[in-house]
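Visitor: dropping the sequence and predicted coords here.
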Amino acid sequence: MIAEMKKLMLFMPESADDIDAELTALGELGVIHIAPLQAAKHESIERVDARIKQLQQAISVLDRYDEEEEYTGAKNNDITDYSKLERGAVFLMETVLDAEHHRQELKKTKLNLTSDIAWFQNWGNITLKDIKDLNEKGIWIKTYLINDRELKKISDREDIQVVGKFSDLNQVILLTKDASERLLDMEALPFPQNELENAKELLAATIKDLESNKEFLLQLREQKAVLVDGLKERLRRYDVRNVQFGGLAVDKHVRFWKGFIPLEHVDQFIETAEARDWGYVIEDPLPEEMEEVPTLVRTPKWAQRIQPVMDFMGLVPGYKEMDVSRVFMVFFTFFTGILVGDAGYGLVFLLITFLAHRKKKFAKQIEFGLIYTLSVSIMFWGVLTGTYFGSEAIAELPVLRSLKIDALASFGGDNLIIQKIMFLIGAVHLTVGHLQVAWKFNNSVRAFAQFGWIAIIWGLYLVVNQMVLGIEAPTIMVWLFVGGALLVALFSKPGTSFFKGMLSSIGNLPLSIINGFSDIISYIRLYAVGLSTVLMAASFNQMAIGDGITTVASGIGAVLVLILGHGLNMILAAMAVLVHGVRLNMLEYAGHAEVEFSGNEYKPFNLKDNKQ
């Protein structure tokens, strides 16, 4: 069900000292969906945003050490207790970021020194002073790494010397009296910046400094809560500033906002507003404001599991539309079972979900509830159809065979019956949509038009069975179309002129019937995709063990084919659920339920989370 909303006009004094406290109280109330009257722009917003990014960066630096052991070395008594300082979060942030910057510089120095030492190991223990002395005498030494093909081009030169091999490249030295000369138009390798012994000493000192830096950050990590609290405060300020400057100021004395509040929270708001002397006007939204009104869906707990799918697809019903989450959840679960339809795959999904849930210490997350439900649905349909990793042999085991419905079986079942069931599911699904619309208009004659559409849907179901499956339609089919068309023509547009409304309805009827026909046909995709999953699984089984396993190598190959093949098939099946399972709900069903998902989600100005 979609919660009823009231429009709110809210007035507060513009005083900078008061506005922060008042808006904080409003945010802690957490029930007003603010509709900005202008873009929120102010230098204070930019400052707070910059500080938030710095605090998040500092926290991420300390987060790197969460997996490290607790610091057990000698405590540095010079480290400040930042929780006791005013603006302690800022000072701690600056200290952490400075230490991180120093760590990055030390890592860069370590890399350069390691490179210098490697140069000496590869090119020989010569001194930089010798090279400098030669340069002063007009002799230049240049080092190159050259492949064999390029080396052949210069092998007859007397001013080069091959001194060794590095990986697949030749180490070549060029002796020249021309400082600008280049070999094969290549840049010479740079000489190290430090002498070998000096580089070793500096590297040892740098490693020691890195250890000290790590110990310092480990000790600062113990005060990370100061940064977290500081971040929460800045997030509060950021939200408050955005709301503040999203409202309009009147004569620099009063600022007002437009928003929406659920009817159930009106009394709670009024109590707070009266206590804090806020000015307000609460009224019903105007017809032209309906697109602005946010949608708050009150869904039963069992149906809330579909919310991750709705969020992923960005599906929010309009304020004047219907809550379709319950129907979406029921049919999406059913569709998932048919589209995947392999009890073995369902068991794998269930085990993976269980292991992931256990790693999260069985935290209550709606996503886990959804996947558990879908996994059980897949297993249920797989048991009914006798499908276990696409293996007919497994399905023929005595216990599993007794659970199988022969007519629905993936191996040897009646395809005609299965296809008829898919079309039946489609007719039922679309009928539910029209029944919901009829209930919505239960005080209007427009409800009769929906009963007319239900009659047409079932007439189309009989047509589809006859045209696609060759099942002869009963004589009632004609009367379903006649009666349904008559109800649609008479009651679809009762508010207009009777004859104009009837002619308009009749004019739109042929195209609508064609669309309804294609909608029912669309449900055959459940059968087709489910069948393709079974056939692919069976094909991988045949590839892996069709000719038997006679050697260790063939056994290893069979295992690899089974794991990779079934893994790929499960991924494709999961993608099919997102494509086809969602589509049948979002397009076919929603179209008949007159739901366009044109709403915007109810997002109240809420500071409660920043206080936790």
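Guide: On my side now, so go ahead. Numbers count the residues shown, from 1 in each chain.

Visitor: could you pull out the strands for the stretch 251-400 of the chain?
Guide: Per DSSP state E, counting those that start in this stretch, the stretch 251-400 of the chain carries strands over the ranges 254-262, 279-283.

Visitor: which helices and strands does the last one pack with?
Guide: Packing contacts for strand 279-283, counted by 3 or more Cβ pairs under 8 Å, 6 or more residues apart in numbering; DSSP states H and E, involve strand 5-13, strand 254-262, helix 266-276. Where C-beta positions appear, they are placed from N, C-alpha and C, glycine not excepted.

Visitor: would you reformat these as JSON lines and include distance to D159 and mean neighbour count?
Guide: Below are the helices and strands packed on strand 279-283 laid out as JSON lines (distance: least, Cβ to Cβ, whole Å; neighbours: other Cβ atoms under 10 Å):
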{"stretch": "strand 5-13", "distance to D159": "84", "mean neighbour count": "19"}
{"stretch": "strand 254-262", "distance to D159": "81", "mean neighbour count": "21"}
{"stretch": "helix 266-276", "distance to D159": "89", "mean neighbour count": "14"}
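
Visitor: out of these, nearest to Y372?
Guide: strand 254-262 (30.8 Å; Cβ to Cβ).

Visitor: and that closest one, C-alpha only, in CSV?
Guide: Coordinates of each C-alpha in strand 254-262 appear next as CSV, following Å, rounded to 0.1, in the frame of the first residue of the first chain:
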residue,chain,number,x,y,z
VAL,A,254,12.2,34.2,7.3
ARG,A,255,13.2,31.1,5.3
PHE,A,256,10.6,28.7,4.1
TRP,A,257,10.5,25.2,2.6
LYS,A,258,8.1,23.0,0.7
GLY,A,259,7.9,19.4,1.5
PHE,A,260,5.7,16.3,2.0
ILE,A,261,4.9,14.4,5.1
PRO,A,262,3.1,11.0,5.5
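
Visitor: quick check, distance from that strand to the centre of its chain.
Guide: In this view, strand 254-262 has its centroid 32 Å away from the chain centroid, taken as Cα atoms, centre = their mean, to the nearest Å.

Visitor: try stretch 412-428
Guide: A distance of 34 Å separates the centroid of the chain from that of stretch 412-428, by Cα atoms, centre = their mean.

Visitor: same check, this time on stretch 269-283
Guide: On Cα atoms, centre = their mean, the centre of stretch 269-283 falls 39 Å from that of its chain.

Visitor: against I514, how distant is R149?
Guide: Counting by Cβ to Cβ, to the nearest Å, the gap between R149 and I514 amounts to 69 Å.

Visitor: looking at the two, which one has more neighbours?
Guide: Shown here are R149 and I514; by other Cβ atoms under 10 Å, I514 has more neighbours (11 against 7).

Visitor: could you look up the SS state of that one?
Guide: Under DSSP: H, G, I helix; E, B strand; the rest coil, I514 falls in the helix class.

Visitor: what is the mean pLDDT for stretch 247-265?
Guide: Across stretch 247-265, pLDDT averages out at 90.

Visitor: measure that stretch end to end?
Guide: Terminal residues of stretch 247-265 are spaced 22 Å apart (Cα to Cα, to the nearest Å).

Visitor: residues touching it, excluding its own?
Guide: With contact meaning Cβ atoms under 8 Å, 6 or more residues apart in numbering, stretch 247-265 is reached by 3-14, 19, 31-38, 243-244, 246, 269, 279, 282, 285, 292-294, 296, 602, 605.

Visitor: residues near the nearest residue to V595 once chain neighbours are set aside, how many?
Guide: With Cβ to Cβ, 6 or more residues apart in numbering as the criterion, V595 has its nearest non-adjacent residue at 4.8 Å, and that residue is E321. Residue crowding around E321 was assessed by other Cβ under 10 Å; the count is 19.

Visitor: quick one: pLDDT of E321?
Guide: 90.

Visitor: contact partners of stretch 95-104?
Guide: 54, 57-58, 61-62, 82, 210, 213-214, 216-217, 220, 227.

Visitor: hmm, 10 Å instead?
Guide: 54-55, 57-62, 64, 79-80, 82, 209-210, 212-214, 216-217, 220-221, 223-224, 227 (Cβ atoms under 10 Å, 6 or more residues apart in numbering).

Visitor: now which of those residues would you call buried?
Guide: Those of the contacts of stretch 95-104 that meet the buried threshold are 54-55, 58-59, 61-62, 82, 209-210, 213-214, 216-217, 220-221, 223-224, 227, by 16 or more other Cβ atoms under 10 Å.

Visitor: helix or strand for the residue lying closest to L607 once chain neighbours are set aside, which one?
Guide: Distances taken as Cβ to Cβ, 6+ apart put G27 closest to L607, at 3.3 Å, once the chain neighbours are dropped. Taking DSSP states H and E as the definition, G27 sits inside helix 16-29.

Visitor: which residue ranges of the stretch 1-150 of the chain form helices?
Guide: Counting by DSSP state H, counting those that start in this stretch, the segments of the stretch 1-150 of the chain that form helices are 16-29, 43-63, 88-123, 128-136, 148-154.

Visitor: and the longest one, how far from the chain's centre?
Guide: Taking the mean of its C-alpha atoms, helix 88-123 sits 35 Å from the chain's own mean (Cα atoms, centre = their mean).

Visitor: the fourth one now?
Guide: Distance of helix 128-136 from the chain centroid (Cα atoms, centre = their mean) equals 60 Å.

Visitor: kindly report the same for the last one.
Guide: Its chain's C-alpha centre lies 53 Å from the corresponding centre of helix 148-154 when counted by Cα atoms, centre = their mean.

Visitor: what mean pLDDT does that helix have?
Guide: Helix 148-154 shows a mean pLDDT of 88.

Visitor: the helix or strand following that helix pairs with which strands?
Guide: The helix or strand immediately downstream of helix 148-154 is strand 160-166, counting by DSSP H and E. With DSSP bridges as the test, strand 160-166 is paired with strand 169-176 (antiparallel).

Visitor: next, the buried residues of the strand it pairs with.
Guide: Under 16+ other Cβ under 10 Å, the buried positions of strand 169-176 are N170, Q171, V172, I173, L174, T176.

Visitor: give me the beta-bridge partners of the first one?
Guide: For N170, the residues forming beta bridges with it (DSSP bridges) are I146, K165.

Visitor: what about it, distance to R149?
Guide: For N170, the distance to R149 (Cβ to Cβ) stands at 10 Å.

Visitor: and the second one, by the same measure?
Guide: Plainly put, Q171 is 16 Å away from R149 if you go by Cβ to Cβ.

Visitor: same check on the fifth one?
Guide: With distances defined as Cβ to Cβ, the gap from L174 to R149 amounts to 18 Å.

Visitor: what's the answer for the fourth one, then?
Guide: Between I173 and R149 the distance is 19 Å, computed by Cβ to Cβ.

Visitor: does P474 touch Y461 like I think?
Guide: No - assessed by Cβ atoms under 10 Å, P474 is found out of contact with Y461, at 11.4 Å.

Visitor: so for those two, which residue has more residues nearby?
Guide: Shown here are P474 and Y461; by other Cβ under 10 Å, Y461 has more neighbours (24 against 11).

Visitor: show the model's pLDDT score for that one.
Guide: Y461 carries a pLDDT score of 95 in this model.

Visitor: try the one 3 residues further on
Guide: You'll see V464 listed with a pLDDT of 94.

Visitor: now M467
Guide: pLDDT for M467: 93.

Visitor: do the same with K493
Guide: For K493, pLDDT reads 72.

Visitor: for the helices and strands packed on strand 279-283, could you give me a markdown table that also reports distance to S325?
Guide: Formatted as a markdown table, these follow (distance: least, Cβ to Cβ, whole Å):
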| stretch | distance to S325 |
| --- | --- |
| strand 5-13 | 18 |
| strand 254-262 | 17 |
| helix 266-276 | 25 |
